[in-house]
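Visitor: Structure for the following, please:
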Amino acid sequence: MFDAASSVGANLAENDGLNTRKELAARYAIALREAKETKYWLDVLHGAEPTLEPQTAPLIAECKEFIAMMTTALKKLRT
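Guide: Numbering: from 1, shown residues only. Sure, this is the predicted structure:
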């Protein structure tokens, strides 16, 4: 899970040196996939360890918001 979560930030950090919208969109697409994977693993953890619900529920909610923001940004980059 940590690999996917940290990959989101790494891919977004690499956006500084990109020259075209196409390159930027490609990085956002990778980061979005990694964010979705992170949410998947949080969902798995949430289901496997119900006692962790107070910790996992806010993270899942934040992940959903982040996915929504990145989806919107990616759509705008592709138009």
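
Visitor: From now on I want contacts and neighbour counts done on CA atoms only, so please keep to that.
Guide: OK.

Visitor: now stretch 15-35: how far from the chain's centre is it?
Guide: When distances are taken as CA atoms, centre = their mean, to the nearest Å, stretch 15-35 is centred 12 Å away from the chain's centroid.

Visitor: Spell out which helix or strand contains the residue nearest the centre of the chain, please.
Guide: With distances taken as CA atoms, centre = their mean, Ala35 lies nearest the centre of the chain, 2.1 Å away. According to DSSP states H and E, Ala35 maps onto helix 21-48.

Visitor: Then Leu74?
Guide: helix 53-78.

Visitor: Show me what that helix is packed against.
Guide: helix 21-48 (3 or more CA pairs under 8 Å, 6 or more residues apart in numbering; DSSP states H and E).

Visitor: buried sites along the helix it packs on?
Guide: With burial defined by 16 or more other CA atoms under 10 Å, the residues of helix 21-48 counted as buried are 24-29, 31-39, 41-43, 46.

Visitor: what's the angle from that helix to helix 53-78?
Guide: Here helix 21-48 points in a direction 160 degrees away from that of helix 53-78 (axes from the mean of the first three to the mean of the last three CA atoms, to 10 degrees).

Visitor: Against Ala57, how distant is the residue of the chain most remote from its centre?
Guide: For the chain, the largest distance from the centre (CA atoms, centre = their mean) belongs to Thr51, which lies 24.4 Å off. To Ala57, Thr51 is 11 Å away according to CA to CA, to the nearest Å.
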